[in-house]
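Mind looking at a prediction? Sequence and model below.
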Amino acid sequence: MVASTTLNAAETIRVAANGINFEVLTLGHGDRLAICLHGFPEHACCWHFQMQVLAKLGFRVWAPNLRGYGGSDSPSGIRAYRAEILVEDVAALIRVSGARETVVIAHDWGGGLAWNLAMWRPALVQRLVILNAPHPACFIRELKHPVQLLKSWYMLFFQLPFLPEWLLGMAEGKAIPYLIRNTSSDPSCFSEDVLETYRQNAARPGGLTAMINWYRALLRGGAILRFRKMPVPKIEIPTLFIWGESDKFLSTRTIVGIENYVSNLTLRVLPGVSHWVQEEAADTVNKMLEAWLTDHPVPDYANLSHAATL
């Protein structure tokens, strides 16, 4: 459905990893892998602005539809979406790729997987780029405070059976494009084709249940409680963290203290940009990616001391 030039040029392949089959959009060639991980309620096509840039930099780009999304397998049952399994999906995709070098670029839920991958399987990742996904330790800390707890209300709502699927699935999934537009600072950045792909992704039989099961497994599986009890290893992998400051789902306080968990951190804050940062601020994100991946100074568009005081 997506008519962008980049996605027309991309090839769709099937990749078997961790016991299931993934639908993967791919562009470029070589043994340097850029694997792009989407979030909720996205689709692999959310990376269409970045794929061409990454391919030009010499990467073989893989943008998989993660477990439960798009044309990838959607196993039944909540347990199939436990955090450990989701992270192993990404690890298995990297191993299957045969790449000698991997940069992980991730947003939202994909960012949560990327943080855990960097802590649990650091040998698989040479560089890490996170967009609007706080480090788990920072996020869990802020869940104790009313501001983030209120912003995360939907995570509790998603624990209900049937009702979340019914509401988001009304009118064949039209609530999903509505959600994107109404939480974006600039809805014009989302083409009708991309939004239609998001709608179709949600309208698949069983699609919304699979997508929402990520949240159900997170809380019911005790992942947050386990994380609180475990020592948090410091990430040594060079990390670029890009933050859209006008995120309606995540408080800016969730990025305070991130330097305590990442030793080689480049932090960039984008004022006025919403949660959907890679599409809403595509040119800026692409300039930052290109600079950082070629070891040049990363453009800075905000006074970072402002974010640190929030």
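Received it, and whenever you're ready, just let me know what you need. What you see is a predicted model, and the numbers here were worked out from it, not measured in a lab.

Could you use CA atoms for every contact and neighbour count after this?
Noted.

Hmm, residue 142 is touching residue 253, no?
Yes: Residue 142 is in contact with residue 253 according to Cα atoms under 8 Å; the separation is 7.2 Å.

Count the neighbours of residue 239 for me.
23 (other Cα atoms under 10 Å).

so what's it up against?
Neighbour list for residue 239: 127-130, 262, 264-266 [criterion: Cα atoms under 8 Å, 6 or more residues apart in numbering].

quick one: it from residue 57, how far?
As judged by Cα to Cα, to the nearest Å, residue 239 and residue 57 stand 18 Å apart.

Any stretches of the stretch 1-150 of the chain with poor pLDDT?
For the stretch 1-150 of the chain, applying pLDDT under 70 flags the ranges 1-5.

how about a cut-off of 80?
1-8 (pLDDT under 80).

for the stretch 151-300 of the chain, same thing?
221-230.

Is the residue located most distally from the centre of the chain in a helix, a strand, or coil?
The outermost residue of the chain relative to its centre, with distances by Cα atoms, centre = their mean, is residue 171 at 26.2 Å. Here residue 171 is recorded as helix under DSSP: H, G, I helix; E, B strand; the rest coil.

For it, which residues are in contact?
So, once contact is read as Cα under 8 Å, 6+ apart, residue 171 ends up touching nothing.

what's the spacing between it and residue 280?
From residue 171 to residue 280 the distance is 26 Å (Cα to Cα).

try residue 188
On the measure of Cα to Cα, residue 188 and residue 280 end up 8 Å apart.

Comparing those two, which shows the higher neighbour count?
Using other Cα under 10 Å as the criterion, residue 188 and residue 280 rank with residue 280 on top: 21 against 10.

okay, now the closest residue to the more buried one other than its chain neighbours: neighbour count?
Closest residue in space to residue 280, ignoring its immediate chain neighbours: residue 189 at 5.4 Å, by Cα to Cα, 6 or more residues apart in numbering. Residue 189 has 15 neighbours, counted by other Cα under 10 Å.

my guess is residue 189 contacts residue 278, does it?
No: with contacts counted by Cα under 8 Å, residue 189 stays clear of residue 278, the gap being 10.0 Å.

So which bits of stretch 7-23 are buried?
7, 10, 12, 15, 17-18, 21-23 (16 or more other Cα atoms under 10 Å).

Endpoint to endpoint, it covers what distance?
End to end - Cα to Cα - stretch 7-23 spans 14 Å.

Mind listing residues that contact it?
2, 24-27, 45, 48, 64-67, 70-73, 88-89, 92-93, 96.

Now do the phi/psi pair for residue 258.
phi -60, psi -30 (degrees, to the nearest 10).

mind checking how far it is from residue 223?
20 Å.

ok, these two, which is more surrounded?
Higher neighbour count among residue 258 and residue 223: residue 258, with 19 against 14, using other Cα under 10 Å.

Confirm for me that that one is in contact with residue 139.
No: contact criterion Cα under 8 Å: residue 258 and residue 139 do not qualify, at 9.9 Å.

For the two, list the residues in contact with both.
Between them, residue 258 and residue 139 share no contacting residue, judged by Cα under 8 Å, 6+ apart.

quick revisit: would you mind giving the buried residues of stretch 7-23 as a markdown table with distance to residue 121 added?
Output for the buried residues of stretch 7-23, formatted as a markdown table (distance: Cα to Cα, whole Å):
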| residue | distance to residue 121 |
| --- | --- |
| 7 | 30 |
| 10 | 28 |
| 12 | 27 |
| 15 | 20 |
| 17 | 16 |
| 18 | 15 |
| 21 | 21 |
| 22 | 20 |
| 23 | 23 |
